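Asker: build me a model:
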Amino acid sequence: MLKALPHGASTLAVLSRLMPGTCWAVQFQVLNRLPVTHPEPAWRKEYGDAVVSPEDAYRNNLRGVCVHQYDDGGLLSINAIALSGAVLQQTKRFLNDAEGKPDWPENDTACDALLEDSGFISTIVANAAGAPFSWTDSQNNRVATFYDVSGATCRPDSATGRTDYAAHPCWKTLLLTP
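Answerer: Next up, the predicted model:
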């Protein structure tokens, strides 16, 4: 992705993403010479054994898994994973300043200063195959997916007793009120 930025009358600045997680700021002179390039890490990822205690990583199946992803929107933390690989609980913390692009420091305390105090926790319940069938978001809204015996997604109607089988992707989830 290349994006030209106005940088004054004598120079032209260009932002490009050459590899995942790195943003390059390139500044050209008047004669299209390339004097300066600035690599800027845009995202930062941390993996299970390096972040949480070994006991928690073992208990929540977090070994070798990306448990913290610092991106342009904030921090996504994976709290627990099932043996099948399905995410069971995750937390999203947003940036204090949504206008600017964060420069994520290596220090976790400095990263916390850029984020909101509270996070939004989502809990997922999955079957043994890893297919999710119930989600609970931070506002206690529940979303459920129903499967028939063959594993196909279906939508039961308790009022009529009829079951509609999902032939369209938007039928896969059904909103339940608590």
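
Asker: quick one: contacts of the helix or strand containing residue 92?
Answerer: Element membership for residue 92, per DSSP states H and E: strand 87-94. By C-beta atoms under 8 Å, 6 or more residues apart in numbering, the residues outside strand 87-94 that reach it are 73-82, 115-116, 118-126. In short, each C-beta sits where N, CA and C put it, glycine included.

Asker: tell me what the residue nearest to residue 73 when sequence neighbours are not counted is bridged to.
Answerer: Take residue 73 and drop its neighbours on the chain: the residue closest to it by C-beta to C-beta, 6 or more residues apart in numbering is residue 94, 6.3 Å away. Beta-bridge pairing of residue 94 under DSSP bridges involves residue 74.

Asker: how many other residues sit next to residue 94?
Answerer: Applying other C-beta atoms under 10 Å, we find 14 residues neighbouring residue 94.

Asker: same check, this time on residue 57
Answerer: Neighbour tally, residue 57, other C-beta under 10 Å: 19.

Asker: is it in contact with residue 50, as I believe?
Answerer: No. The criterion here is C-beta atoms under 8 Å, and residue 57 misses it with residue 50 at 9.2 Å.

Asker: show me the chain divided up by domain.
Answerer: Listed domain ranges for the chain are 2-41, 44-144 (source: automatic domain parsing).

Asker: save those as CSV, and put in distance to residue 151 too.
Answerer: Output for those, formatted as CSV (distance: least, C-beta to C-beta, whole Å):
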stretch, distance to residue 151
domain 2-41, 33
domain 44-144, 8
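
Asker: check these for me and report the most buried one.
Answerer: domain 44-144 (a mean of 15; mean count of other C-beta atoms under 10 Å).

Asker: end to end, how far does that one reach?
Answerer: 32 Å (C-alpha to C-alpha, to the nearest Å).

Asker: what residue ranges in the protein score low on pLDDT?
Answerer: Residue ranges of the chain with pLDDT under 70: 1-42, 51-52, 148-149, 153-178.

Asker: and the helices in it?
Answerer: Under the criterion DSSP state H, helices of the chain are mapped to 48-51, 54-59, 108-114.
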